Structure formats: C-alpha cells, structure tokens
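Asker: Sequence and computational prediction follow.
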Amino acid sequence: MDKETKIAFGGGCHWCTEAVFQSLKGVKEVAQGFVASINENSTFSEAVVVHFNSEKISLKTLVEVHLLTHKSTSNHSMRKKYRSAIYTFSDTQKLLIEEVMRYFKSKSAVEIITQILDFKEFKPSEKQFKNYYYTNPKKPFCEKFINPKLQLLQERFSKQLKTEHQNHL
C-alpha cells in the first residue's frame, strides 16, 4: 500500500466523524459528506473520506478509532442515514480491512455490526458544514456529542493526537 492513501468511514454524524479524524497525526485531510456503496448499500449515508500517511498512522489504528467513536455495536433505526461502515478503495485494501476487523471482532465481547463495503461515490457536504467542530467548538451539539469522542481520543490515543488540536479538549 502507498504511504499516502485513503479510506472512508461512516457510522455517526459526519460532523463528529470529521472532528475525530481531523485530530489525528498522520491524517492529511478529512472530506466530510455522503458515501454510497453498491447493491443494497447504494444509497448515500453520512461519512468521511480520510486521506492519511500510513507511515505516520496505521490503518489498524484508524479502524480502532472508528469503532470506538461511534455505535459500532448498535443496529439502531437510523442506520440508513448513519451506516456503520468502512468503505474500501481496492481489493487489496478490502482484504487488509477484513483482517483488521477479524482481529477487533475477536477481542470484542459484543457483536460489531460495522460493514466492510466497496466505495462507489462521494458527495461533499455543503461548505458551511465543513470543519464543523473546529469552527464551532462551543456550539451545544459540539459540546454534547463531539467533545466526549475527543476526550476518548485524549484518553486512549494521546500519542496520535495532533498538538494543535489538544487545546480543544
């Protein structure tokens, strides 16, 4: 795999997911929007495309962060809008993600429902919603829903946090 690559994640609101991945060292860019896969998952669902340097942050770490920062074990009624998924860009990447997910599923006491899906299409969010958390950290939504996720990052992944984002926690 190239050292600079991308992967897409869906699970919770894309404002939350964007803030989580923007906070990590090795992540170059987080494109917030909607992702569609194929077949029964061809409808768009909130997600982010994460561009990262695999020499600075591993795909395994990104997957672990994703699983811990959204309801990866809950098949709730909003799953069409908030599909719990990892969208892959190649067959090689899909095989690697399947291996990583087998590892995390073997360590979990509860079933992880996150799907591994083919990436098909991306539609970006409207401009006013991009970089939502770091533009609006004091908004009630950010304080209630995003801050706890970033606090979890501080507790479990402090070495992977970008220095400039640590003062927001």
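Answerer: Good, I have the coordinates.
Asker: From here on, just use CA atoms for contacts and neighbour counts.
Answerer: OK.
Asker: Show me the contact partners of the helix or strand harbouring Lys6.
Answerer: For Lys6, the element it lies in under DSSP states H and E is strand 4-10. If you take C-alpha atoms under 8 Å, 6 or more residues apart in numbering as the criterion, strand 4-10 is touched by 17, 35, 45-54, 66, 82-89, 119.
Asker: Pull out the buried residues from it.
Answerer: For strand 4-10, a neighbour-count test (16 or more other C-alpha atoms under 10 Å) marks 5-10 as buried.
Asker: Stretch 37-52 too?
Answerer: Going by neighbour count (16+ other C-alpha under 10 Å), the buried part of stretch 37-52 is 37, 44-52.
Asker: Take the contacts of strand 4-10 and keep only those in helices.
Answerer: Secondary structure from DSSP state H places 17, 66 of the contacts of strand 4-10 in helices.
Asker: need the contact list for Lys159.
Answerer: With contacts defined as C-alpha under 8 Å, 6+ apart, Lys159 is in contact with no residue.
Asker: Likewise for the one 3 residues further on?
Answerer: When the contact criterion is C-alpha under 8 Å, 6+ apart, the partners of Lys162 are 23-25.
Asker: What subset of the residues you listed is buried?
Answerer: Burial by neighbour count, judged by 16+ other C-alpha under 10 Å, picks out 23-25 from the contacts of Lys162.
Asker: Any stretches of the protein with poor pLDDT?
Answerer: Counting by pLDDT under 70, the chain contains low-confidence ranges at 1-2, 165-169.
Asker: Pull the distance from stretch 56-68 to the chain's centre.
Answerer: Averaging C-alpha positions (C-alpha atoms, centre = their mean, to the nearest Å) puts stretch 56-68 9 Å from its chain's average.
Asker: Kindly report the same for stretch 84-98.
Answerer: For stretch 84-98, the gap between its own C-alpha mean and the chain's C-alpha mean amounts to 13 Å (C-alpha atoms, centre = their mean).
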